[in-house]
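1. Could you look at this predicted model? Sequence included:
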Amino acid sequence: MAELDAIYRDVFEADPTLKADAEANRDIIERILELKDRKNVLILGHNYMHPLIYNLSEEDARGDSLALSRYAAKSDKPIILFDGVMFMGETAKILSPNKKVLIADKSAGCSLADPVRKDDVLKLKAMYPGVPVVTYVNSYADVKAESDICCTSANAVEVVLSLKSKRVIFLPDSFMGENIQQELAGMKKDIEIIYPGKKNALNRGICEVHERFTVEDLKLIREQYGIPKGHPKRAILAHWECRPEVLHEADFHGSTSQMSKYILEKRPEMVFLATECEMAANLAAEFPQTEFVRQCNVYCRHMRKITLNGILSALETEDPEKHEIFVDEEVRLKALKPIQRMLGISK
Ligand code: SF4
């Protein structure tokens, strides 16, 4: 099977130690590819998927959650299988209401999105009447539905500035709220960012993966691998969802797509990515000229619920309750508006 051979080539480039794993799963992967073609399914692969799963998606159908949902909306395939977590599948459904959206495991949650739901938005809105609500796309549909505008980690500051408001409620990521506040201070912009846990008793939304990186970790990596701060060819890149002090220690911070772009444009000889470890595994195949420091053991347990067996089950089953994602139509229409508003100011 030519497609399978191509997948295995990319997987082994990402990590040669995966050969045994890949061979052991040859039958199941063949069956997945066969069902994908027979049922005309678009498989979307988030950057944090295991390479064996990530490479089931066509090259254009790999990336971050919003880009994937937008890509799926333009596709003529009637079925979307989202290899990511639940809120990502919901976003795909919001943008593609007439398509069937499937996920390998409907219990794949997110420590960042789970603690902040509709009632929490309503509480903050009651505390700060008239203050616009900016919601990060890493959130559930019911939260987006109560928001004024969405943002990604790539355009959060741009979106906040577009509102021309002295105060903004930012949900659900508390670290990103702090990071935006600091970025605005650096730009001498006098805007107050209200986020979960800041002057309110809401549960903080924090990514348990990015939370694990500390300044000490980054300093150790610099020392061990010879990555001095500010070096033109060796760099530490951190995701926006990391702690503010980690962003300060890094040489560059950005979204997953901005980190890929940094590597594409600057062609560094060595990088360490302070983000989910599978991202480095997947980018290593894409950028063979760059050495990725693989001193990493930070995986997302929610993303890891997406397994080959789960994917096969989603493609095989006729039971919609098990794998299909539904969003109430009233909520979907309300949630679509803040996404469209964001796309209007930031393409
Ligand atoms: S990596 Fe973080 S933000 Fe992404 S799904 Fe896992 S917990 Fe959520």
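-> That came in fine, so what should we check first?

2. any idea how far residue 288 is from residue 174?
-> Applying CB to CB, to the nearest Å, the value for residue 174 to residue 288 is 37 Å. The way it works is simple: take the backbone N, C-alpha and C, and place the C-beta from them, glycine included.

3. Pull out the buried residues from the helix or strand harbouring residue 182.
-> Per DSSP states H and E, residue 182 falls inside helix 174-186. By neighbour count on 16 or more other CB atoms under 10 Å, the buried set for helix 174-186 is 174, 175, 176, 177, 178, 179, 180, 181, 183, 184.

4. helices and strands around it, which ones?
-> Applying 3 or more CB pairs under 8 Å, 6 or more residues apart in numbering; DSSP states H and E, one finds that helix 174-186 makes contact with helix 156-162, strand 167-171, strand 192-194, helix 244-249.

5. Alpha carbons of that helix, as PDB, please.
-> The C-alpha trace of helix 174-186 is given here as PDB (Å, rounded to 0.1, in the frame of the first residue of the first chain):
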ATOM      1  CA  SER A 174      -5.100  32.500  32.900                       C
ATOM      2  CA  PHE A 175      -1.400  32.300  32.000                       C
ATOM      3  CA  MET A 176      -2.200  33.600  28.500                       C
ATOM      4  CA  GLY A 177      -4.300  36.400  30.200                       C
ATOM      5  CA  GLU A 178      -1.200  37.300  32.200                       C
ATOM      6  CA  ASN A 179       1.000  37.100  29.100                       C
ATOM      7  CA  ILE A 180      -1.200  39.400  27.100                       C
ATOM      8  CA  GLN A 181      -1.200  41.800  30.000                       C
ATOM      9  CA  GLN A 182       2.600  41.900  30.000                       C
ATOM     10  CA  GLU A 183       2.800  42.200  26.200                       C
ATOM     11  CA  LEU A 184       0.400  45.200  26.300                       C
ATOM     12  CA  ALA A 185       2.500  46.800  29.100                       C
ATOM     13  CA  GLY A 186       5.600  46.400  26.900                       C
END
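
6. what's in contact with that helix?
-> Helix 174-186 is contacted by residues 136, 153, 156-157, 160-161, 170, 191-198, 204-207, 210-211, 240-244, 247, 253 when judged by CB atoms under 8 Å, 6 or more residues apart in numbering.

7. Then stretch 160-172?
-> When contacts are defined by CB under 8 Å, 6+ apart, stretch 160-172 is touched by residues 112-113, 115-116, 120-121, 124-125, 128, 131-136, 138-139, 143, 147-149, 151, 156, 176-177, 180, 184, 189-196, 205, 345.

8. same for the ligand: which of those are within range?
-> Filtering the contacts of stretch 160-172 for neighbours of the ligand using CB under 6 Å from any ligand atom leaves 112, 138.

9. what about burial for the contacts of stretch 160-172, which qualify?
-> Here, 16+ other CB under 10 Å leaves 112-113, 115-116, 120-121, 124-125, 128, 131-136, 138-139, 143, 147-149, 151, 156, 176-177, 180, 184, 191, 193-196, 205 buried among the contacts of stretch 160-172.

10. Filter those down to the ones in helices?
-> 120, 121, 124, 125, 143, 156, 176, 177, 180, 184 (DSSP state H).

11. which helices and strands does the helix or strand where residue 331 lies pack with?
-> Residue 331 belongs to helix 329-345 when assigned by DSSP H and E. Contacts defined by 3+ CB pairs under 8 Å, 6+ apart place helix 329-345 against helix 86-95, helix 141-145, strand 149-151, helix 156-162.

12. OK, contacts around residue 159?
-> By CB under 8 Å, 6+ apart, the residues touching residue 159 are 134, 149, 150, 151, 342, 345, 346.

13. swap the cut-off to 6 Å and go again
-> Applying CB atoms under 6 Å, 6 or more residues apart in numbering to residue 159 gives the contacts 134, 149, 151.

14. Averaged pLDDT, stretch 36-56. What do you get?
-> In this model, stretch 36-56 carries a mean pLDDT of 95.

15. what's the distance between that stretch and the middle of its chain?
-> Taking the mean of its C-alpha atoms, stretch 36-56 sits 15 Å from the chain's own mean (CA atoms, centre = their mean, to the nearest Å).

16. How about the residues of the stretch 101-250 of the chain by the ligand?
-> Counting by CB under 6 Å from any ligand atom, the stretch 101-250 of the chain sits next to the ligand at 110, 111, 112, 138, 207, 208, 209.
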